[in-house]
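# After the sequence you'll find the predicted model.
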Amino acid sequence: VKHYSLDGIITVVDAKHVAQHLDDVKGEGVENEAVEQIAFADRIVLNKLDLVSPAQQQALSRRLHDINAMAQILPASMAQVPIAQVLDVGGFDLSRALETNPAFLEPEYPFEWGGVLTLTAGEYTLLLAEGPDPDIALLWLQLDVSKPADLPTLAEQVFRHFAEPPRLLRDGDLLAPGVTHCRLQLQGATHVRLAVPESGRYALFTQHTPEEFDLQLLGPDEQPHEFEDEHYFNAGHTHDDEVSSVAFEFPGELDAGRFDAWLSVLLQTEGANLYRMKGILAFAGDPRRMHFQGVHMLFDSEPGAPWGDAPRHNRLVFIGKHLDRDFLEGALQQCRS
């Protein structure tokens with residue numbers, strides 16, 4: 001035991017055939033082994049990509065992310081991946097995991113990307129090429145210069161806007177900044193005219209990443225504009241798999257006693273359905289970050305770096321079967337100090 005340690009779990013996925021295994025309906029109480037192996041992984045090698053189309057690869061990557069939002073997906077053919085990406089993973093070291101993927105403990109959002117830029121008044125053009133999906137949701141927002149414009153903070157506001165019914169857009173339509181998100185049908189190359197009523201800072205949030213649709217923003221002079229700041233978010237998607245990932249982030253502190261008591265009951269009653277848990281917690285009266293992680297009913301925690309002047313907050317991710325997001329969120333709120 002002194003000479004070995006568990007570095008991480010690598011799962012190799014057959015891109016050509018895995019869908020039929022994920023869709024394999026088991027009897028009551030019988031596990032889907034393919035789903036379980038994906039749920040436990042720290043790295044997923046998505047192999048045999050030479051046998052599937054780019055659209056199939058995109059759809060499969062999203063489905064794997066739905067099952068396990070924390071795992072890094074490594075595309076491959078003939079299982080050829082850089083050895084450095086599957087060794088020295090640090091999968092059971094939360095600090096290392098955050099360094100590798102700073103966003104993996106973020107909450108899930110109905111959008112994958114956001115960008116901010118400063119524009120002068122006028123009419124701009126948003127260009128999108130044909131991508132892996134037939135449509136895309138987006139929000140064009142004018143920012144209040146008197147308020148913080150960092151994208152993770154804006155995301156909480158935008159999340160509420162995406163919960164409302166969308167406005168339908170067509171090729172060539174004019175989109176004014178506002179709090180109603182839009183759904184744009186894509187048929188080949190598509191463009192939307194963006195209104196900028198006055199000079200200032202604006203933000204664009206999109207359901208999918210710009211790379212998937214070769215997104216470009218052109219000014220009145222038809223010259224491209226670069227976003228000054230951008231952020232890639234963990235996106236939540238609707239899916240049929242029993243196994244899913246749910247994430248929470250909220251400011252403030254937790255009462256250590258209440259949290260420990262709740263977690264003990266949760267592990268006793270739902271431990272078999274909880275595949276993985278990870279998080280960073282702020283406990284009242286403790287100046288240090290508390291790192292925790294668990295596998296099924298096994299749980300461990302250790303103190304991390306002091307919070308110092310940084311805002312104290314809590315981030316948690318659960319991966320498991322039949323997760324009740326509302327129940328988990330309500331219970332966590334009851335544990336607040």
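Alright, I've got the coordinates.

# Check which helix or strand Asp260 maps to.
Assigned by DSSP states H and E, Asp260 belongs to helix 256-270.

# Run through who's touching stretch 124-134.
Taking C-beta atoms under 8 Å, 6 or more residues apart in numbering as the criterion, the residues outside stretch 124-134 that touch it are 54-55, 58-59, 136, 175, 184-194, 196, 204, 208, 212-220, 222, 225. Yep, even glycine has a C-beta here, placed from its N, CA and C like the rest.

# Swap in 7 Å and give it another go.
55, 58-59, 136, 185-186, 188-194, 196, 208, 212-220 (C-beta atoms under 7 Å, 6 or more residues apart in numbering).

# Which residues in it does the neighbour count mark as buried?
Judged by neighbour count (16 or more other C-beta atoms under 10 Å), stretch 124-134 contains these buried residues: 124, 126, 128, 131-133.

# With stretch 50-69 instead?
If you call a residue buried by 16+ other C-beta under 10 Å, then stretch 50-69 has these buried ones: 52, 57-58, 60-69.

# in its sheet, what does the helix or strand just after the helix holding Asp260 sit against?
Sequence-wise, the next helix or strand downstream of helix 256-270 (DSSP H and E) is strand 274-282. Paired neighbours of strand 274-282 in the sheet (DSSP bridges): strand 288-295 (antiparallel), strand 313-321 (antiparallel).

# The strand or helix carrying Phe205: which residues count as buried?
Following DSSP H and E, the helix or strand that holds Phe205 is strand 200-206. For strand 200-206, burial by neighbour count (16+ other C-beta under 10 Å) applies to 201-206.

# ok, of those residues, which one's closest to Arg336?
Proximity to Arg336 was ranked across those by C-beta to C-beta; first place goes to Phe205, at 28.6 Å.

# Contact partners for the nearest residue to Asp14 once chain neighbours are set aside?
Counting by C-beta to C-beta, 6 or more residues apart in numbering, the nearest residue to Asp14 once its immediate chain neighbours are dropped is Lys48, at 5.6 Å. Shown here is Lys48, whose contacts under the criterion C-beta under 7 Å, 6+ apart are 14-16, 77.

# confidence score at Lys48?
The confidence metric pLDDT takes the value 89 at Lys48.

# Please apply the same query to the one 3 residues further on.
At Leu51, the model reports a pLDDT of 89.

# Test my guess that Phe256 contacts Ala282.
Heads up, residue 256 is Ala, not Phe. No: with the criterion set as C-beta atoms under 7 Å, Ala256 and Ala282 do not qualify as a contacting pair; they are 10.1 Å apart.

# quick one on the thing from earlier: neighbouring contacts of the helix holding Asp260?
Residues external to helix 256-270 that are found in contact with it (C-beta under 7 Å, 6+ apart): 283, 297, 299, 331, 334-335.

# pLDDT on the helix or strand hosting Ser61, on average?
Secondary-structure element containing Ser61, defined by DSSP H and E: helix 54-67. Model confidence over helix 54-67, given as mean pLDDT, is 84.

# can you check stretch 147-166 too?
Predicted confidence along stretch 147-166 averages 80 (mean pLDDT).

# in that stretch, what's buried?
Of the residues in stretch 147-166, those scored as buried under the neighbour-count criterion (16+ other C-beta under 10 Å) are 151, 154-155, 158-159, 161-162, 166.

# Show me how far the strand holding Phe205 is from its chain's centre.
A distance of 20 Å separates the centroid of the chain from that of strand 200-206, by C-alpha atoms, centre = their mean, to the nearest Å.

# In this structure Asp229 contacts Gly114, no?
No: counting by C-beta under 7 Å, Gly114 is not a contact partner of Asp229; they are 8.7 Å apart.

# The two: who's more crowded?
Under the neighbour definition other C-beta atoms under 10 Å, Asp229 and Gly114 were set side by side, and Gly114 has more, 23 against 13.

# Which helix or which strand is home to the more buried one?
Counting by DSSP H and E, the secondary-structure element that holds Gly114 is strand 113-119.

# What angle do strand 200-206 and that strand make with each other?
160 degrees (axes from the mean of the first three to the mean of the last three C-alpha atoms, to 10 degrees).

# quick one on the thing from earlier: please identify the deepest-packed of the strands paired with strand 274-282.
Greatest average neighbour count among the strands paired with strand 274-282 goes to strand 313-321 (a mean of 21), per mean count of other C-beta atoms under 10 Å.

# sorry, back to before: using CSV, lay out the buried residues of stretch 147-166 together with secondary structure and distance to Ile73.
Formatted as CSV, the entries for these read as follows, by DSSP: H, G, I helix; E, B strand; the rest coil; distance: C-beta to C-beta, whole Å:
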residue, secondary structure, distance to Ile73
Leu151, helix, 23
Leu154, helix, 27
Ala155, helix, 22
Val158, helix, 25
Phe159, helix, 24
His161, helix, 29
Phe162, helix, 24
Pro166, coil, 28
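
# so can I have a markdown table of these showing distance to Asn314?
Shown next, in a markdown table, are these (distance: C-beta to C-beta, whole Å):
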| residue | distance to Asn314 |
| --- | --- |
| Leu151 | 20 |
| Leu154 | 20 |
| Ala155 | 17 |
| Val158 | 21 |
| Phe159 | 18 |
| His161 | 24 |
| Phe162 | 23 |
| Pro166 | 31 |
